[in-house]
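Visitor: attaching a predicted model along with its sequence, questions to come.
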Amino acid sequence: MTQATAIAIRDLTKTYKDLKALDNINLDLEPNRIYGLLGRNGAGKTTLMSILTGQNFQDHGTVQVFGHEPFENDATLARICFIRESQKYPDDFKVHQAFAAASLFFENWDQHLAQELMKEFDLPAKRKIKKLSRGQLSAVGVIIGLASRAEITFFDEPYLGLDAVARQIFYDRLVADFAEHPRTIVLSSHLIDEVANLLEHVIVIDKGQIVIDAEAEELRGAAVTVTGDAAKVQEFVGTAKVLHQDGLGALASVTIESQLDAGRREQAKLMGLDLSPVSLQQFVVRSSLSSASERVDEKSEAWS
């Protein structure tokens, strides 16, 4: 692990009975960047974050956070904040008490920011946690995650209870505070297009395996959908990696993993083909499905 690495993961494997939640994962996360950890429910995202935050342990492989194993390491865990959708608090806690407890744990806690966010989310400070609505409970987690200013902050979809306006407040505040106080932020979400512009690096996990580990900028425009006469589409696509395809009679629509230059785009125009951009969410979904199909094919070959 180098000084330029906040988290280093090597050959990480975790199995629950007959389910391999994580399958030989290798990752490096740099400090002071915003990462998107994306994937379907059950893909292994929460298991990975639980191990990185010392709330679970691996069967095989190594995990280092700031150069140290996080499990039962108080000094390392004090530098991490993990906020999840199912965040639990003592039933008799009031909102302001939850923030007071957080301020004792996180040395970079910003009480002024917490108070500002309480107003923006219209959160009643003296109400008991157990009497909060789902959206208000989500707001508590979001506020702790932002105001903690921990060196590494994990958000495991804690904002799902927020409406669209409240989620936008969270996104805007996250970007603004990150600009002033850089740290490593890992944002787990299935609302991919909604968070796409926040992300600097994208990690996609599917069935316990990493299927994408790339700069977000590289993925924007990394795929295109070609639509038109089926024969011409096939000719144009050639040997490009196909992520998805549909057909209706003589028409075809094929999504390929390819960044087309001006020459190729002009060629498509001359052939009467339409080119459509692929959003980050579409790219992630198509890539995950394509990778899953490839794994099935590999197993079929192994069994034959």
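Guide: In hand now; what should we look at?
Visitor: can you give the domain ranges for the protein?
Guide: The chain breaks down by automatic domain parsing into domains covering 7-218, 221-303.
Visitor: any chance of those domains in TSV, plus mean pLDDT and mean neighbour count?
Guide: C-beta: built from backbone N, CA, C; applies to glycine. Below are the domains of the chain laid out as TSV (pLDDT from 0 to 100; neighbours: other C-beta atoms under 10 Å):
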stretch	mean pLDDT	mean neighbour count
domain 7-218	93	18
domain 221-303	83	15
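Visitor: now the helices for the stretch 1-150 of the chain?
Guide: 45-52, 74-77, 95-105, 111-120, 134-147 (DSSP state H, counting those that start in this stretch).
Visitor: tell me which residue of this structure is furthest from the middle?
Guide: Distance from the centre of the chain peaks at Leu270, with 39.1 Å (C-alpha atoms, centre = their mean).
Visitor: that one and Lys232, how far apart?
Guide: 10 Å (C-beta to C-beta, to the nearest Å).
Visitor: need the contact list for the residue farthest from the centre of the chain.
Guide: Shown in contact with Leu270 (C-beta atoms under 8 Å, 6 or more residues apart in numbering): no residues.
Visitor: hmm, Leu280 and Ile192 touching each other?
Guide: Yes - the criterion here is C-beta atoms under 8 Å, and Ile192 meets it with Leu280 at 5.7 Å.
Visitor: export the helices of the stretch 1-150 of the chain as CSV, with columns for distance to Ala252.
Guide: Shown next, in CSV, are these (distance: least, C-beta to C-beta, whole Å):
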stretch, distance to Ala252
helix 45-52, 34
helix 74-77, 53
helix 95-105, 54
helix 111-120, 48
helix 134-147, 43
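Visitor: of those helices, which approaches Ile203 most closely?
Guide: Checking these against Ile203 by C-beta to C-beta gives helix 45-52 as the closest, at 9.1 Å.
Visitor: now do that closest one: which elements does it pack against?
Guide: The contact analysis (3 or more C-beta pairs under 8 Å, 6 or more residues apart in numbering; DSSP states H and E) places helix 45-52 against strand 7-16, strand 19-29, strand 34-38, strand 60-65, strand 80-84, strand 152-156, strand 184-189.
Visitor: any idea how far the last one is from the chain center?
Guide: This means strand 184-189. Distance of strand 184-189 from its chain centroid, counting by C-alpha atoms, centre = their mean, to the nearest Å, is 5 Å.
Visitor: and if you look at the fifth one?
Guide: On the basis of C-alpha atoms, centre = their mean, the separation between the geometric centre of strand 80-84 and that of its chain is 14 Å.
Visitor: what are the pairing partners of it, and which direction each?
Guide: Strand 80-84 has these partner strands in its sheet, going by DSSP bridges: strand 152-156 (parallel).
Visitor: taking helix 45-52 as reference, get the angle to the strand it pairs with.
Guide: Angle, strand 152-156 to helix 45-52, by axes from the mean of the first three to the mean of the last three C-alpha atoms, to 10 degrees: 150 degrees.
Visitor: show me what the helix or strand following strand 152-156 is packed against.
Guide: For strand 152-156, the following helix or strand on the C-terminal side (DSSP states H and E) is helix 164-180. Where contact means 3+ C-beta pairs under 8 Å, 6+ apart, helix 164-180 is packed against helix 111-120, helix 134-147, helix 192-195.
Visitor: could you tell me the angle between the longest one and helix 111-120?
Guide: To tie it back to what came earlier, the one meant is helix 134-147. Using the same axes, to 10 degrees: helix 134-147 against helix 111-120 is 160 degrees.
Visitor: now tell me what touches helix 134-147 from outside.
Guide: Contacts of helix 134-147 with the rest of the structure, by C-beta under 8 Å, 6+ apart, involve 81, 83-85, 87, 89, 95, 98-99, 102, 106, 109-111, 113-114, 117-118, 121, 123-124, 127, 129, 132, 153, 155, 158-163, 166, 170, 173-174, 177.
Visitor: report the inter-axis angle for that helix versus helix 164-180.
Guide: 10 degrees.
Visitor: residues contacting Ser148?
Guide: 81, 102, 106, 108-109.
Visitor: repeat the analysis, applying 10 Å as the threshold.
Guide: 80-83, 102-103, 105-110, 113-114, 183 (C-beta atoms under 10 Å, 6 or more residues apart in numbering).
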